[in-house]
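In: Here is a sequence with its predicted model. Questions after.
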Amino acid sequence: MQCLLRAMELEWLSESMVYWILIIGLVIEFIFEMYLCYRQYCVQVSSELRQLSSEVRNYFPMPIFARSKNYAIDTNKFNMYCNVHRLVKLLVVLHYGYYYTAWRFTKTLIDSLGFWPSSWDEDIGRSMCFAIIELSVTQVVQLPISIYNTFFLEARYGFNERSAKLYITDKVTCFFINIVIRCPCVALAIYIVKQSGGATAIVFYLWAFTVVMLVILSYGYPLVIAPLYNDYTPLRDGNLKTSIQSLTTTVGFPMAGVVVVDSTRRSGHSNAYYMGLFSKKKIVISDSLMKGYTTGGDGKGLEDNEVVAVIAHELAHWKYQHTLKGILIAQFEIILAFGAFAILHEHPSIYQAFGFPRGMMPIWPGFKIILWYLLLLVIQPLDTLMNQRTQAFEYEADRFAVELGFGANLKSAVMKMFEDNLSFPFRDKWYSACRDSHPSLLNRLDAIEIEIRNHTQRTR
Ligand SMILES: [Zn+2]
């Protein structure tokens with residue numbers, strides 16, 4: 001029993017053990033990610049047009065197939081580069097004690113600028129400074145990757161519509177929104193940890209705080225944040241609007257309106273979804289999803305009956321409460337993270353491995369260390385399980401649309417969306433299982449086909 005207690009207290013864990021466990025963990029995770037990308041790459045280069053059925057080939061004639069294949073290969077190579085960049089970044093932070101340097105700098109900032117009254121809790125002020133420094137450094141370090149992705153990779157395949165000015169505006173807006181949301185959250189989290197006392201209380205109060213924040217952000221995002229980036233205008237009157245209204249009435253969806261988002265301002269990718277809470281839900285459709293809705297579009301977009309089939313699929317996510325189920329499943333990860341933090345955050349070796357001197361264990365950097373490093377090998381498998389769940393939700397939503405009689409339109413809509421988004425039809429099964437939130441095109445078409453047959457038999 002004493003051995004077990006000693007193990008739980010982690011007294012045996014020295015600074016160098018933590019350091020090497022983290023290095024080994026990061027390298028294992030990196031190798032696994034690269035292996036997944038390599039498998040995906042092998043599938044991409046070896047797949048050929050003749051492997052597709054004649055029905056799918058109608059949407060992927062040779063020029064489109066070749067273009068989507070090149071896009072998939074280039075994106076995969078980019079992901080591999082991002083993996084290397086991420087590993088180097090994490091190793092540099094660990095080896096050169098970046099968190100300690102940043103934490104020391106917060107003291108200099110507070111003392112020199114004098115904006116934090118000395119009677120207030122210094123930890124809270126320094127933690128908010130730390131969060132801002134970290135966000136600023138991350139923006140700078142990620143900038144070359146982000147610029148390459150937007151202006152080279154996406155632009156090469158016709159998906160970037162953002163001008164340099166809009167790109168900069170988006171980045172600055174995102175930065176300040178992040179600060180406005182993050183700083184009060186950090187301050188409250190530090191306050192909660194300090195006031196809570198024991199590990200169980202820390203987990204419970206942090207979790208309750210997270211749930212409240214999730215509800216506030218879910219409600220506030222469509223009202224406050226989303227309109228900062230895009231214009232949301234009511235869908236024009238016509239057959240499409242009438243069909244969507246009739247569909248929402250049939251399934252009992254509490255709709256407050258159908259709006260079109262001007263996604264073509266930034267990207268050529270198309271989508272449809274619903275947002276809002278309770279009876280204030282709105283269906284949102286990308287302008288690029290509807291054929292001929294905007295000028296240009298190069299023949300991209302779906303016919304009206306195909307858009308309605310896609311909306312039927314989206315309504316299934318509401319009907320079966322997939323969003324709520326997803327949030328509930330995510331609570332497991334959140335509680336796990338807070339639990340690990342509550343147990344480990346007063347263990348000195350963890351801080352010393354990151355360059356902190358003995359006895360210095362600041363809460364916010366500790367949370368980052370535990371979340372980004374110690375839980376890395378646990379969070380990744382959980383993300384895989386989450387992807388399995390969301391893929392199952394997609395099949396369920398397709399089944400719902402088929403049962404409403406949209407089977408044929410859904411099939412053609414899915415193929416057209418894959419074509420318009422240059423989504424390569426072939427995926428490696430391991431990569432897809434671990435990293436894709438949606439099933440591959442071919443798996444999805446097979447499932448829809450089975451559902452159509454079942455539905456036809458039932459209604460005969
Ligand atoms: Zn879906």
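Out: Nice, thanks for sending it over.
In: Next SSE downstream of the helix or strand of the chain with the lowest mean pLDDT?
Out: Of the helices and strands making up the chain, the lowest-confidence element is helix 2-9, at a mean of 53, by mean pLDDT, DSSP states H and E. Using DSSP states H and E, the helix or strand that directly follows helix 2-9 along the chain is helix 15-46.
In: buried ones in that next one?
Out: 15, 18-19, 22-23, 25-26, 29-30, 33, 36-37, 39-41, 43-44 (16 or more other C-beta atoms under 10 Å). Backbone N, C-alpha and C define where each C-beta goes, glycine included.
In: Stretch 248-258 too?
Out: Neighbour count says stretch 248-258 has 248, 253, 255, 258 buried, by 16+ other C-beta under 10 Å.
In: among those, which are in helices?
Out: Those of these mapping onto helices are residue 248, per DSSP state H.
In: Going by distance to residue 238, which of the buried residues of stretch 248-258 wins?
Out: residue 258 (11.1 Å; C-beta to C-beta).
In: So what does the closest residue to that closest one other than its chain neighbours have for phi and psi?
Out: Nearest non-adjacent residue to residue 258, counting by C-beta to C-beta, 6 or more residues apart in numbering: residue 235, 4.2 Å away. Backbone torsions for residue 235, taken as degrees, to the nearest 10, come to phi -60, psi 140.
In: quick one: residue 235 from the ion, how far?
Out: According to C-beta to the ion, to the nearest Å, residue 235 and the ion sit 20 Å apart.
In: Tell me who's in contact with that residue.
Out: Going by C-beta atoms under 8 Å, 6 or more residues apart in numbering, residue 235 touches 241, 244, 258, 259, 260, 285.
In: Can you check the pLDDT for it?
Out: Residue 235 is assigned 93 on the pLDDT scale.
In: re the thing from before, out of the contacts of residue 235, which end up buried?
Out: Buried members of the contacts of residue 235, counted by 16+ other C-beta under 10 Å: 244, 258, 259, 260, 285.
In: which SS class is residue 360?
Out: Here residue 360 is recorded as coil under DSSP: H, G, I helix; E, B strand; the rest coil.
In: residues touching it, list them.
Out: 100, 103, 351.
In: Excluding chain neighbours, what is closest to the last one?
Out: With C-beta to C-beta, 6+ apart as the criterion, residue 351 has its nearest non-adjacent residue at 5.0 Å, and that residue is residue 361.
In: how close does the one you found sit to residue 123?
Out: 11 Å (C-beta to C-beta, to the nearest Å).
In: again with residue 196
Out: As judged by C-beta to C-beta, residue 196 and residue 123 stand 14 Å apart.
In: Residue 361 and residue 123 - which one has more neighbours?
Out: residue 123 (18 against 15; other C-beta atoms under 10 Å).
In: Now do the more buried one, the pLDDT please.
Out: pLDDT, residue 123: 90.
In: any idea which helix or strand carries it?
Out: In this structure, residue 123 sits in helix 122-148 according to DSSP H and E.
In: Contacts only, for the closest residue to residue 93 other than its chain neighbours.
Out: Residue nearest to residue 93 in three dimensions, not counting chain neighbours: residue 99, with 6.5 Å by C-beta to C-beta, 6+ apart. The neighbours of residue 99, taking C-beta under 8 Å, 6+ apart as the test, are 93, 354, 355, 356, 365, 368, 369.
In: In terms of helices and strands, where is the last one?
Out: Read that as residue 369. Assigned by DSSP H and E, residue 369 belongs to helix 363-369.
In: Could you verify my assumption that the residue nearest to residue 351 touches residue 341?
Out: No: contact criterion C-beta atoms under 8 Å: residue 361 and residue 341 do not qualify, at 11.9 Å.
In: so what sits against both of these two?
Out: Between them, residue 361 and residue 341 share no contacting residue under C-beta under 8 Å, 6+ apart.
In: so what's residue 437 up against?
Out: For residue 437, the contact set (C-beta under 8 Å, 6+ apart) comprises 387, 390, 391.
In: Kindly calculate the angle that the helix or strand that contains the last one makes with helix 15-46.
Out: What it means is residue 391. Using DSSP H and E, residue 391 maps to helix 376-401. Helix 376-401 runs at 40 degrees relative to helix 15-46, counting by axes from the mean of the first three to the mean of the last three C-alpha atoms, to 10 degrees.
In: Buried residues, helix 376-401. List them.
Out: Burial within helix 376-401, assessed by neighbour count using 16+ other C-beta under 10 Å, is assigned to 376-377, 379, 386-387, 390-391, 393-401.
In: hey, where'd the strands end up in this structure?
Out: Using DSSP state E, the strands found in the chain span residues 232-234, 255-261, 272-275, 281-286.
In: Counting by contacts, list what the last one packs against.
Out: In terms of contacts (3 or more C-beta pairs under 8 Å, 6 or more residues apart in numbering; DSSP states H and E), strand 281-286 is packed against strand 255-261, strand 272-275, helix 304-319.
In: do the same with the first one
Out: Strand 232-234 sits against strand 255-261, with contacts defined as 3+ C-beta pairs under 8 Å, 6+ apart.
In: Give me the residues contacting the strand it packs on.
Out: Residues from elsewhere that reach strand 255-261 (C-beta under 8 Å, 6+ apart): 230-235, 241, 244-245, 248, 276, 279-287, 290, 293.
In: chain center to stretch 59-77: distance?
Out: Offset of stretch 59-77 from its chain centre (C-alpha atoms, centre = their mean, to the nearest Å): 24 Å.
In: what comes up buried for it?
Out: Under the neighbour-count criterion of 16+ other C-beta under 10 Å, stretch 59-77 has 59, 60, 64, 65, 67, 68, 69, 71, 72, 74, 75, 76 buried.
In: got the contact list for it?
Out: For stretch 59-77, contacts defined as C-beta under 8 Å, 6+ apart pick out 37, 40-41, 44-45, 47, 49, 52, 153, 156-157, 415-416, 418-419, 422-425.
In: Near the ion, which residues of this structure are found?
Out: 394, 397 (C-beta under 5 Å from the ion).
In: can you list the domain ranges for the chain.
Out: Per automatic domain parsing, the domain ranges recorded for the chain read 1-96+304-460, 232-301.
In: If you average pLDDT over each of the ones you listed, which is lowest?
Out: Taking the mean pLDDT of the domains of the chain, domain 232-301 comes last: a mean of 85.
In: residue in the stretch 1-150 of the chain nearest to the ion?
Out: Closest approach between the stretch 1-150 of the chain and the ion, counting by C-beta to the ion: residue 59, at 19.1 Å.
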